[in-house]
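In: This is a predicted model, with the sequence first.
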Amino acid sequence: MKKFYCIVLLTAFLLSSNGFANGLSLNNIGPRALGMAGAQIGWVNDYTAIYWNPAGLVNAKGSQISVFGTDIIPIGTYKLNYTLPPELGGKTYNIDAETKTNHYISPNIMAYIPLMEGDLTVGIGAYVPAGLGAEWDGNDLIDYNMPNTGPYDWMGKIAAFNISPAIAYRINEMISVGAALNVYYGMFEMQRPMDMYNMITQQGGEDGLMDTQYKEDGSGLGFGGSFGIMVKPHEMVSFGLSFKTETSVAFEGDATLKGVATQNAERKSTYERDLAWPMWFGGGVAFFPTECWTIAVDANWSNWAKTQEMIVTDYVDFPEAIKEGAREMHLEWEDCIQYRVGLQFAIPDEIWAVRLGYYYDPAPSPDNTLNIVFPSITYNAVTLGGSLMFGNFGVDLGAEYMIGTERDISFEKKLSDTDYSEAMPGLHNMNILAVSLGVSYYFGE
């Protein structure tokens, strides 16, 4: 049998999605942070300190409860125009696909209460710190199908909902510390085609095309922690460090196979999969040149190389050949550092404020594992936002536009380099629009 590219989509599809951000984490939590490109670690002074730097809770105003939501709209594109050499079948791929315009909305609520004359603050947050999602039109990708099959469903969603109690303590006028418990509830849904024949033989069929519809959904629970310190040696400058532990979520769910390779019979199995959000470390500095101006700069490091090198799925009820072919997904992600800078102009007591920012978000995935269902794009993002106070009520608005950098994976590289057996050749790109709105109520005067 002629060997096509052995596993075009197999290992790429065991997780969902075109992303809200690189990796599995959202880039900005809260409309204020979003408006300043997430440059928060060195000075955060609102409810989102629970996420960015728990030590910042002691800087928050009074007692407060806040609700906010973020609408994330990813627009991904994928193009492939290539004709295989005659010895590989001569098939022509002419794909020009775009993700469906879906809205991924995350609801969030946070609250805190200062105690001990403001030196001790306790808070709690229930929010979405991570998520990915996309849906493709199967008709646009039908060149990957076996003849006279499809279109198949191509979609994926993954999210984590975090319940996070937090505490912060002001040691003295200069130093504060804080910590938060992270209780992750992960949710997972995915539909995609795959090549059953490739999975069983590990050598590909006559054409290597997709012949089976795969579907799964599941959920899981995981625990981690966040820790922070903030130092303000002078009224014009503040520093912060923030650390999040690796959090592993143990997913369990149901998977279904149905298609040509299974003689249209439906096969079902439960599965188990551990998926980890990485250890994260960030540092930031903020400058206050005047009473109204804030300039903040952050850098965040994510340890993707440890958590996303390979992901293993254990299927309980599928035949042994399917279990062995489908259980491993190689990603080989690399550690990444994001750089953020934000600017705020606010009148005293922040009766109103305007914000803008920029951040650089590098792609963690190397070329040899890149694919359209689990994409990894380098982004340059611009952000803006503002706030208004009405008595005891506050309204915050933030928006960002993430501009993707196109990645080109050549078919020739895939055919000639065995390290590229799991890459999906073609032109990959994505742009993302996100808008966040929050409403807060401050208790007392």
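Out: That came in fine, so what should we check first? Numbering: from 1, shown residues only.

In: which SS state does F318 fall under?
Out: Under DSSP: H, G, I helix; E, B strand; the rest coil, F318 falls in the coil class.

In: quick one, phi/psi of it?
Out: Dihedral pair for F318: phi -70, psi 160, per degrees, to the nearest 10.

In: What is the neighbour count of it?
Out: Neighbour count for F318, taken as other CB atoms under 10 Å: 20. (Glycine included, C-beta is placed from N, CA and C.)

In: Report the separation between it and K215.
Out: F318 sits 13 Å away from K215 when distances are taken as CB to CB, to the nearest Å.

In: ditto for L433
Out: On the measure of CB to CB, L433 and K215 end up 29 Å apart.

In: Please say which of the two ends up with more neighbours.
Out: Set L433 next to K215 and count neighbours by other CB under 10 Å: K215 wins out with 17 against 13.

In: does the more buried one have beta-bridge partners, and which?
Out: Q191, T256 (DSSP bridges).

In: re earlier: show me whatever sits in contact with both of F318 and K215.
Out: A255 (CB atoms under 8 Å, 6 or more residues apart in numbering).

In: what's F288 in contact with, if anything?
Out: E235, M236, V237, S238, T294, I295.

In: ok, the last one - how many residues close by?
Out: So the one you mean is I295. Around I295 there are 16 residues (other CB under 10 Å).

In: Let's see which of the contacts of F288 end up in strands.
Out: Counting by DSSP state E, those place V237, S238, T294, I295 in strands.

In: Quick check: the last one vs I175, distance?
Out: When CB to CB is applied, the distance between I295 and I175 equals 22 Å.

In: and what of the second one?
Out: Taking CB to CB as the measure, S238 and I175 are separated by 11 Å.

In: who has more neighbours, those two?
Out: S238 (25 against 14).

In: Just name whatever secondary elements the helix or strand encompassing N81 is in contact with.
Out: According to DSSP states H and E, N81 maps onto strand 63-83. Counting contacts by 3 or more CB pairs under 8 Å, 6 or more residues apart in numbering; DSSP states H and E, strand 63-83 is packed against helix 31-35, strand 92-98, strand 104-115, strand 120-136, strand 426-443.

In: per-residue confidence averaged over that strand?
Out: Average pLDDT, strand 63-83: 91.

In: what angle do that strand and strand 104-115 make?
Out: Angle between the axes of strand 63-83 and strand 104-115 is 150 degrees (criterion: axes from the mean of the first three to the mean of the last three CA atoms, to 10 degrees).

In: Now do the buried residues in strand 63-83.
Out: Neighbour-count burial for strand 63-83 flags 63-70, 72-80, 82 (criterion: 16 or more other CB atoms under 10 Å).

In: What of stretch 403-419?
Out: Those buried within stretch 403-419 under the rule 16+ other CB under 10 Å are G404, R407, I409, F411, K414, L415.

In: neighbouring contacts of it?
Out: 5, 80, 82, 84, 88, 363, 367-368, 370, 377-382, 420-421, 423-432.

In: Relative to the whole chain's centre, how far out is that stretch?
Out: 22 Å (CA atoms, centre = their mean, to the nearest Å).

In: Same check on stretch 435-445?
Out: 26 Å.

In: re earlier: output the contacts of F288 as TSV; include the columns pLDDT and distance to G131.
Out: Formatted as TSV, the contacts of F288 follow (pLDDT from 0 to 100; distance: CB to CB, whole Å):
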residue	pLDDT	distance to G131
E235	92	38
M236	96	37
V237	97	34
S238	97	30
T294	97	29
I295	98	30
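
In: which one of these is nearest W52?
Out: In terms of CB to CB, no member of those lies closer to W52 than S238, at 13.0 Å.

In: That closest one: what's it in contact with?
Out: G42, W43, M230, V231, K232, V285, A286, F288.

In: Quick check, pLDDT for the first one.
Out: As summarised for this prediction, G42 has a pLDDT of 96.

In: and it, how many residues sit next to it?
Out: Count around G42 with other CB under 10 Å applied: 27.
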